[in-house]
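Asks: build the 3D model from these lines:
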Amino acid sequence: MSSRSRKLSFCIDEHLYVCFAERLARHGRHKVAEVKAGMDDRAILMSAEAILVTRDRDFARLSRDAAGTHRGVIIVQTSTTDMDSMFDRFLRFLRSGHADEAARAVVILHDHDFLIMTTGGTQTFRYEK
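Replies: Numbering: from 1, shown residues only. Okay, the predicted model is just below:
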C-alpha cells in the first residue's frame, strides 16, 4: 500500500503540536499524539509509540545513538519558522511516496529536499512540484 493512502501514526512535539495536529486532523487519515512537555529528549525518543515529529535537531544525534530502537524521527529543519511553510514541507513529504520509510529512520525536511537516514546510509530526495 502506498504511503499516500496508508494511515500513519505520529507523536508531535510540543512546539509543533497545535499547528500540526489540527491540520493533520483535517486530512483525517493520520493518527496524532502529543509528546508530553518537559520530558528528557532521550525519554521522548524511546517512549514515542509512533514516528516523532520535531524541530529539535538534537534528535538526529540521539536517534543515531539509538539506531533500530525507536519508531522513527522527522525533523522539520526549514529556513523559516512560519508554521504554514513547515507544515507544507511535512505534507509534501507525506505525499512523496517515501513516508513509509520514516519508520525506524531519521528524516530531515529542508526547504527544497529531504534526507532519509538509515543504518544503510543516507538518501536525498526532492519534493514533487
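
Asks: how about the CA coordinates for stretch 27-42, as CSV?
Replies: The C-alpha coordinates for stretch 27-42 follow below in CSV (Å, rounded to 0.1, in the frame of the first residue of the first chain):
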residue,chain,number,x,y,z
HIS,A,27,-6.7,15.4,6.4
GLY,A,28,-8.5,12.7,8.5
ARG,A,29,-6.1,9.9,7.7
HIS,A,30,-3.3,10.0,10.3
LYS,A,31,-3.2,9.3,14.0
VAL,A,32,-1.6,12.0,16.1
ALA,A,33,-0.5,12.1,19.7
GLU,A,34,1.3,14.9,21.6
VAL,A,35,4.7,14.4,23.3
LYS,A,36,4.5,15.2,27.0
ALA,A,37,6.1,18.6,27.6
GLY,A,38,9.2,18.7,29.8
MET,A,39,10.4,15.2,29.2
ASP,A,40,14.0,14.5,28.6
ASP,A,41,14.8,14.1,24.8
ARG,A,42,16.1,10.5,25.2
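
Asks: what does that stretch contact?
Replies: Stretch 27-42 has contacts (Cβ atoms under 8 Å, 6 or more residues apart in numbering) with 5, 7-14, 17, 20-21, 24-25, 44, 47-50, 52, 54, 56, 58-59, 62, 66, 91, 94. Where you see a C-beta, it was placed from the backbone N, CA and C, and this is true even at glycine.

Asks: repeat that for stretch 103-110.
Replies: Under Cβ under 8 Å, 6+ apart, the answer for stretch 103-110 is 51, 59-60, 63-64, 68, 70-78, 89-90, 93, 101, 114-118.

Asks: quick check: ChimeraX command selecting the buried ones in the contacts of stretch 27-42.
Replies: Listed next is the ChimeraX selection for buried residues among the contacts of stretch 27-42, using 16 or more other Cβ atoms under 10 Å:
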select :8,10,11,12,13,17,20,21,24,44,48,50,52,54,56,59,62,94
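
Asks: which of the contacts of stretch 27-42 fall in helices?
Replies: 17, 20, 21, 24, 25, 44, 47, 58, 59, 62, 91, 94 (DSSP state H).
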